[in-house]
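Undergrad: turn this into a structure:
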Amino acid sequence: MKVNGSILLDKKGTFSNIHQHNAEYAIYDFVSMVKEADDSKDTLYYDNDEWGQFYAKCYTPNDSYWHGLGDIAFTMLLNVSNPVFKPVQIGNTEVFDSKPKPRIHGGFLCKGCSQENYVYDEQSINKWHYQWFCDNPDKIDWSKSVNGTFPCYNKVITILRKELQKLKDNPNSISGLGHLDKLYLASVEIDRLDEKEVVSKFYSLIMDHKNESSEKISYAKEIGSKICELNFYRHEKELEELNKDNQQIVKIYSIKKDNKYQFLSIDKKHGRFEWCDEKGNHICEVMFDGEPVENSQDANHSISHVDDWKRIYQK
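TA: Alright, predicted model coming up:
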């Protein structure tokens, strides 16, 4: 998803301000932030000589500047120091502040750096992007949405693929997994599965083996919330409170598409979503990838009090 934001690598977040014992962790975080910025078409800027020196020294691994840094961390750093990722020198902070929004400061997370309004790793930049699109839903690009539910379908598949990889690495983490399932996990390369296979195996090997109790509800909330938030849905706690008497509704998320709300609530029985329209009327049940489930139009999953919610909270 293109954001086209601006990130200023500021003086507080320079490499020299990192504690030496935390250097490798800080580099891992910084590299993940830069890669996410590149994927989102954000532009990095810097306005001080120290960042210029930092990028120049990335091509001299034997420089004392990198004392104590391991080969893996340095290689990661080198990979994001090529011209594709390299930031643009800018005159001063005032010039940066004149750039169109969204814009934010970033760099390494050092002592004295605020974790608010500052990007330094993948999680913090995703949080910034999330807030921007929640506040500006008209900027969301829906062109790669598969079923009109998730604008970032690829991120949904990445989440489910990671869950399968965790299971492959530790097949005993789920009780009741059969011998044939374990043989399959031992032989398959998770990264080579196509999108449909990822979704199918996520349900057959993971979700369907969760106990239909607090375990399944907790896990469905965890994965469902990740999917919604990476697709710029907003958690609507006030609407949940207005629907607290409906035991079918666990967690409610909203997004605006074409200036109209659509809602997702997490289905606690199957580990899916309930998809509702602008008025809260139930459309159908969908899998975690947004694929509709046949014959799932159940009015009990409609969301009530949507008009009251809009009026009270000025939505």
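Undergrad: contacts only, for the residue most central in space within the chain.
TA: Residue closest to the average C-alpha location in the chain (C-alpha atoms, centre = their mean): residue 230, at 3.7 Å. Counting by C-beta atoms under 8 Å, 6 or more residues apart in numbering, residue 230 makes contact with 126, 130, 152, 155, 156, 159. C-betas here are computed from N, CA, C, even on glycine.
Undergrad: need these in CSV (columns: neighbour count, pLDDT and secondary structure).
TA: Below are the contacts of residue 230 laid out as CSV (neighbours: other C-beta atoms under 10 Å; pLDDT from 0 to 100; DSSP: H, G, I helix; E, B strand; the rest coil):
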residue, neighbour count, pLDDT, secondary structure
126, 18, 94, helix
130, 16, 95, helix
152, 19, 94, coil
155, 16, 93, helix
156, 25, 97, helix
159, 17, 97, helix
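Undergrad: closest to residue 289 out of those residues?
TA: Among those, residue 156 lies closest to residue 289 (C-beta to C-beta), at 5.3 Å.
Undergrad: what about that closest one, distance to residue 33?
TA: For residue 156, the distance to residue 33 (C-beta to C-beta, to the nearest Å) stands at 22 Å.
Undergrad: tell me which stretches of the protein form strands.
TA: Using DSSP state E, the strands of the chain run over 6-9, 43-46, 88-89, 103-106, 118-119, 234-235, 252-257, 260-267, 272-276, 282-286.
Undergrad: in JSON lines: those, plus mean pLDDT, distance to residue 134 and mean neighbour count.
TA: Formatted as JSON lines, the strands of the chain follow (pLDDT from 0 to 100; distance: least, C-beta to C-beta, whole Å; neighbours: other C-beta atoms under 10 Å):
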{"stretch": "strand 6-9", "mean pLDDT": "96", "distance to residue 134": "19", "mean neighbour count": "24"}
{"stretch": "strand 43-46", "mean pLDDT": "96", "distance to residue 134": "22", "mean neighbour count": "21"}
{"stretch": "strand 88-89", "mean pLDDT": "93", "distance to residue 134": "28", "mean neighbour count": "11"}
{"stretch": "strand 103-106", "mean pLDDT": "96", "distance to residue 134": "15", "mean neighbour count": "21"}
{"stretch": "strand 118-119", "mean pLDDT": "96", "distance to residue 134": "16", "mean neighbour count": "24"}
{"stretch": "strand 234-235", "mean pLDDT": "97", "distance to residue 134": "5", "mean neighbour count": "18"}
{"stretch": "strand 252-257", "mean pLDDT": "97", "distance to residue 134": "8", "mean neighbour count": "21"}
{"stretch": "strand 260-267", "mean pLDDT": "95", "distance to residue 134": "13", "mean neighbour count": "22"}
{"stretch": "strand 272-276", "mean pLDDT": "95", "distance to residue 134": "18", "mean neighbour count": "25"}
{"stretch": "strand 282-286", "mean pLDDT": "94", "distance to residue 134": "21", "mean neighbour count": "19"}
